[in-house]
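S.K.: here is my input, please return the structure:
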Amino acid sequence: MRLWICIFINTIIIDRLVKYKNFVILSILLITSITFVIDINVDNKTTDNSKNEPALSLSEHSEYYPHHVPNFDMNAQLIAANDNDTFISIWNTTLPGTLDNKTIRLPIKDLDSRNCDVDVNWGDGNTTNITDCSDNNQKTHTYNEPGIYNITISGDVPIFQFGWTNSLTAASLKIIEIVQWGNLPIKDHSFYFANNLVLTTTDAPEIIGDSLEGLFFLAYNLGNYSNLNSWDVSSVTDMSSLFRCQDYNIVNYEQIRCYKGDHFNGDISLWNVSSVITMNAMFKESRKIAQNLNAWDVSSVTDMEGMFGSVYFSNDRQVNVSEWDVSSVTTFSYFSSVSDFNSDISKWNVSSATQMNFMFASNDQFNQDISNWDVSSVTTMAHMFSGAYLFDQDIGNWNVSSVTTMHYMFHRSQFNQNISNWDVSSVTDMQYMFGSIYGYIDPEDQYHYQMPRFNQNLSTWNVSSVTQMDGMFRNNIYFNQSLDNWDVSSVIDMQYMFCNATSFDQDISAWNMSKVDNMNNMFCSANTFSTPNYDKLLISLANQTLQDEVELNVNAYYSIDAFSARESIIENYNWTINDLGLFVPTETVTVTESTNNTETLTETVTSTNNQNTTITKTETGNGNNTITEISTIMSTISENNGNSTNTLTENNDTPDLTSAFSNPSWLILVAAVGAAEIIRRRVS
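M.R.: Just a heads-up that it's a prediction; the model follows:
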């Protein structure tokens, strides 16, 4: 069934298709003094316009439109416009915001000396002439019924800008489509948080000022809008966050659906960006972008921080930026962090760059040759390749002499190249540089590749300026290189430094640790750190002037050789030392006497710490249990795990060993690891 309605109008009517439930409303453009025809098709069939031009439909974005709008008023959908200077838009009053579901407030604002004389057709038969652009009452309209309405704006508009703040109050979620820009002036943050907005325009807006910062920030339904190349951006200097999606500071996170939207991937390859200075976070979190931007003149850009951060490409759809002149860029921080950017940037001139922190952090695809980069001006490389699982390129020739911060630089990275020639004399922070904050992952686990694999010679590094080494090799199960020449006299924090570094077993007794005030879990779970190397460390520490009340955790035994040193550290500096304790082997001593008055001592020592053992036995006493005669018998044996038996034969002129060792008043002290001593002496 169809109902035909004829309306005579003495103006030009723009053709427009609007769909609501099973109604399709089609306005047909007539050029003369006009009969306007409305075809209401209750059978849900679309009637095209008489000029056979494509009708503009909201159906492609129906996810963001209400399923039911009560008392829909078809008359409110008629768009009145008489030239190309009129801004034509579609709004849905029922979408979220601080305004009620029947109210729209236009984001028209005063700007400098620009005139305010705005004519608004609200699409429901009502019009407003705004003469005070600071008056919210003039910019606000409440409809009789909630629904979808066409709003046109003409006249002198100072600026159209939802803005960084109060965007919800200004109904940024309620604008769902722009059909024609007309003469509407826009600037930075004009459509901030307009995350239901679709562009179907064929013209270009008027850009006021030199900034487009945040223009479509969180407008994540722009999709493949193709008419952007006609925009004149030649005077723009700031494009930061222009197409950025995510905002982690939004209070109502449920409204942020960047992962659902048809993210921006419109063609902007022809833009003249020669005046742009900052592109900070320009495409950040715009998940689907795949552009050939190679022709862009970015020679004036100084800031590319986060430009492609959290942007996901595919192997055959990378953004092409290989020929960019980035010689003026000083900041590359977060450039492609948390993304799969893997474009060839080997030719880039980065000589002006000072900031490269997080540049490729958590980028699980990047593995390009950047060996020839001039990084001599860079001061921070913190997190630069952290989580960049595939990156393993030769960067051993980099001049890093200006770098002061390298913390987390290769955290959770597969990087394992020779960087022994790096000049790190200016670096003050190396925490977690080759480590991982995450615990050990079983080699069979699919995420094992996330563990650090670095195991290269660093013995010649000058680390005299470093103050932070906490976690430096934590959970690195491969590293085992000599570090005995390191000057760590400036280090104050070594907590977790070798924790779970299950291959590390090196002598670091030459280290000056007098300034270290945090050794908590320094060797936790480092189960290959040997007793001899731990002994040397304790003895060295006992001879230094240390910080008070430090906690040292070592997953190793100490021997009798380091017993007094350990006690001295605890007593003199009130340290808490948590280790595996004093190594004590199992010993059995038996004495037999032959008929010719020759006595034999048979001793069995069991080593349980997989160490070579040297035993020195001192026997003191005589058969009468008085200390009047002393005999010393020395014997040295090498022992591995298991039992070792040593037999000593006494001559006739020695004391009666049988009596001496069977008397219960004799105390036997046993310690055998490294250079160990077994002492038997009478205590009464």
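S.K.: every contact and neighbour count from this point should use C-alpha atoms.
M.R.: Fine.
S.K.: quick check: residue 93 touching residue 122?
M.R.: No - here residue 93 does not reach residue 122: they are 11.7 Å apart, not a contact under C-alpha atoms under 8 Å.
S.K.: anything in contact with each of the two?
M.R.: residue 149 (C-alpha atoms under 8 Å, 6 or more residues apart in numbering).
S.K.: do you know how far residue 87 is from residue 319?
M.R.: Taking C-alpha to C-alpha, to the nearest Å as the measure, residue 87 falls 33 Å from residue 319.
S.K.: so between those two, which is more surrounded?
M.R.: Shown here are residue 87 and residue 319; by other C-alpha atoms under 10 Å, residue 87 has more neighbours (22 against 19).
S.K.: next, the closest residue to residue 562 other than its chain neighbours: secondary structure please.
M.R.: Excluding the flanking residues, the one nearest residue 562 by C-alpha to C-alpha, 6 or more residues apart in numbering is residue 535, at 5.1 Å. Recorded secondary structure, residue 535: helix (DSSP: H, G, I helix; E, B strand; the rest coil).
S.K.: and the closest residue to residue 330 other than its chain neighbours, what's its pLDDT?
M.R.: Leaving aside its sequence neighbours, residue 330 sits nearest to residue 353 (C-alpha to C-alpha, 6+ apart; 3.8 Å). Looking at residue 353, its pLDDT is 98.
S.K.: can you say which helix or strand has residue 353 in it?
M.R.: For residue 353, there is no enclosing helix or strand under DSSP states H and E.
S.K.: tell me the mean pLDDT over stretch 412-432?
M.R.: 97.
S.K.: which residues touch the residue nearest to residue 562?
M.R.: 558-559, 561-562.
S.K.: next step: those residues restricted to strands.
M.R.: residue 558 (DSSP state E).
S.K.: of the contacts of residue 535, closest to residue 325?
M.R.: residue 558 (59.3 Å; C-alpha to C-alpha).
S.K.: OK, contacts around that closest one?
M.R.: 531-532, 534-535, 580-583, 673.
S.K.: for it, list each beta-bridge partner.
M.R.: residue 582 (DSSP bridges).
S.K.: separation between it and residue 574?
M.R.: 19 Å.
S.K.: residue 411 too?
M.R.: Residue 411 is 34 Å from residue 574, by C-alpha to C-alpha.
S.K.: more neighbours: which of the two?
M.R.: The neighbour comparison of residue 411 against residue 574 (other C-alpha under 10 Å) goes to residue 411, with 36 against 15.
S.K.: can you tell me the closest non-neighbouring residue to the more buried one?
M.R.: That would be residue 386: by C-alpha to C-alpha, 6+ apart, it lies 4.4 Å from residue 411.
S.K.: tell me if that neighbour really is in a strand.
M.R.: No - counting by three-state DSSP, residue 386 is not part of a strand but coil.
S.K.: can you get me a residue count around it?
M.R.: 33.
S.K.: and for residue 534?
M.R.: Around residue 534 there are 24 residues (other C-alpha under 10 Å).
S.K.: wait, isn't it in contact with residue 557?
M.R.: Yes - using C-alpha under 8 Å, residue 534 is in contact with residue 557, at 7.4 Å.
S.K.: and the residue nearest to residue 330, how far from residue 293?
M.R.: 21 Å.
S.K.: please say which of those two ends up with more neighbours.
M.R.: residue 353 (24 against 18).
S.K.: doesn't residue 359 make contact with the more buried one?
M.R.: No - Residue 353 is not in contact with residue 359 according to C-alpha under 8 Å; the separation is 11.5 Å.
S.K.: mutual contacts of these two, please.
M.R.: With C-alpha under 8 Å, 6+ apart, residue 353 and residue 359 have common neighbours residue 332.
S.K.: neighbour-wise, which one of the contacts of residue 535 leads?
M.R.: residue 558 (26 neighbours).
S.K.: domain parsing for this structure?
M.R.: 354-578, 583-682 (automatic domain parsing).
S.K.: lowest average pLDDT across those?
M.R.: domain 583-682 (a mean of 38).
S.K.: the residue nearest to residue 121 when sequence neighbours are not counted: neighbour count?
M.R.: Excluding the flanking residues, the one nearest residue 121 by C-alpha to C-alpha, 6+ apart is residue 127, at 4.5 Å. Using other C-alpha under 10 Å, residue 127 has 15 other residues around it.
S.K.: can you check the one 5 residues further on too?
M.R.: Residue 132 sits with 17 neighbouring residues when counted by other C-alpha under 10 Å.
S.K.: just residue 387 next, same as before
M.R.: Neighbourhood size, residue 387 [other C-alpha under 10 Å]: 28.
S.K.: which ones are touching residue 275?
M.R.: Residue 275 neighbours (C-alpha under 8 Å, 6+ apart): 234-237, 300-301.
S.K.: of these, buried ones?
M.R.: For the contacts of residue 275, a burial check counting by 16 or more other C-alpha atoms under 10 Å picks out 235-237, 300-301.
S.K.: and those as JSON lines, adding pLDDT and distance to residue 553?
M.R.: JSON lines is the format used below for the buried ones among the contacts of residue 275 (pLDDT from 0 to 100; distance: C-alpha to C-alpha, whole Å):
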{"residue": "235", "pLDDT": "97", "distance to residue 553": "61"}
{"residue": "236", "pLDDT": "98", "distance to residue 553": "58"}
{"residue": "237", "pLDDT": "98", "distance to residue 553": "55"}
{"residue": "300", "pLDDT": "98", "distance to residue 553": "53"}
{"residue": "301", "pLDDT": "98", "distance to residue 553": "50"}
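S.K.: and of these, the nearest to residue 390?
M.R.: Nearest member of the buried ones among the contacts of residue 275 to residue 390, counting by C-alpha to C-alpha, is residue 301, at 28.8 Å.
S.K.: tabulate the buried ones among the contacts of residue 275 (a markdown table), appending secondary structure.
M.R.: Below are the buried ones among the contacts of residue 275 laid out as a markdown table (three-state DSSP):
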| residue | secondary structure |
| --- | --- |
| 235 | coil |
| 236 | coil |
| 237 | coil |
| 300 | coil |
| 301 | coil |
